[in-house]
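A.B. asks: Please work out how this folds:
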Amino acid sequence: MTDLDLKTGTAHPGVSGGWRTPDRLYRLISSPVLRMVLGWDLPRRDLRVISRRPGSVCLEVGSGGGFYTTALKTHLGAENTLIALDPSPSAMRALRHQLDAVPGARMSCVAGDGCKLPLADDRADTLFYGYSLEEMPDPLAAIREAHRVLRPGGELVLFLWRPVFTRRRRRPVVALLDELFERRRTSAGPQNIRLVYRKR
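C.D. replies: Numbers count the residues shown, from 1 in each chain. Next up is the predicted model:
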């Protein structure tokens, strides 16, 4: 049993907000070379866990500098829609410009709050958080919003960065996830945790 195999309950203590990556660092932390050297991620491989069903809507929450966005747009293909969301309007303008010519899913870039998603109830087929949940001011509110906007049967894919999302902060979040969603997959490495859920 790992620390992710928690007994869930109905009470959830508050979770403090995480450190927010400054906009000026997006370019640096989104560098594929840097991330590959550090052994963090390989987007094309990592995103294979995300389903591709024609006509689906995928919301990437916390797109930042777009490290995953290009691969996600390509992975989803032209029959689907990708919405990139980040609180930084300048990051969203830069990302829109960067991805205009990239083939793949229809795309829109939206400046918005991951704790108050700008979508109607049951609207998204997939929500993807690529190391963004741990930076949100209220991760529990973000999970409740994910539950609200996901369609029944929709998938929630979370990549969490372990050094920032400590066990103490992570426990109530995982407990709420396990209460609201059905866990489909878990993998944990020294630096990250990857979780895939399905909305019941």
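A.B. asks: List the contacts of the residue lying closest to Met92 once chain neighbours are set aside.
C.D. replies: In space, and not counting its chain neighbours, Met92 is closest to Cys109: 4.1 Å by C-beta to C-beta, 6 or more residues apart in numbering. Heads up, the C-betas are built off the backbone N, CA and C, glycines and all. Applying C-beta atoms under 8 Å, 6 or more residues apart in numbering, we find Cys109 in contact with Ser63, Ile83, Ala84, Asp86, Met92, Arg93, Leu95, Arg96, Leu99.
A.B. asks: Among these, which lie within strands?
C.D. replies: Ile83, Ala84, Asp86 (DSSP state E).
A.B. asks: helices or strands up against the helix of greatest length in the chain?
C.D. replies: When the chain is parsed with DSSP state H, its longest helix is helix 167-180. Helices and strands touching helix 167-180, by 3 or more C-beta pairs under 8 Å, 6 or more residues apart in numbering; DSSP states H and E, are helix 139-149, strand 150-161, strand 192-199.
A.B. asks: Let me know the average pLDDT across that helix.
C.D. replies: Averaging pLDDT along helix 167-180 gives 96.
A.B. asks: coming back round to it: show me the beta-bridge partners of the residue nearest to Met92.
C.D. replies: Ala84 (DSSP bridges).
A.B. asks: so how far is Glu79 from it?
C.D. replies: To Glu79, Cys109 is 20 Å away according to C-beta to C-beta, to the nearest Å.
A.B. asks: Could you do Gly65 as well?
C.D. replies: From Gly65 to Glu79 the distance is 26 Å (C-beta to C-beta).
A.B. asks: which of these two has more neighbours?
C.D. replies: Using other C-beta atoms under 10 Å as the criterion, Gly65 and Glu79 rank with Gly65 on top: 21 against 13.
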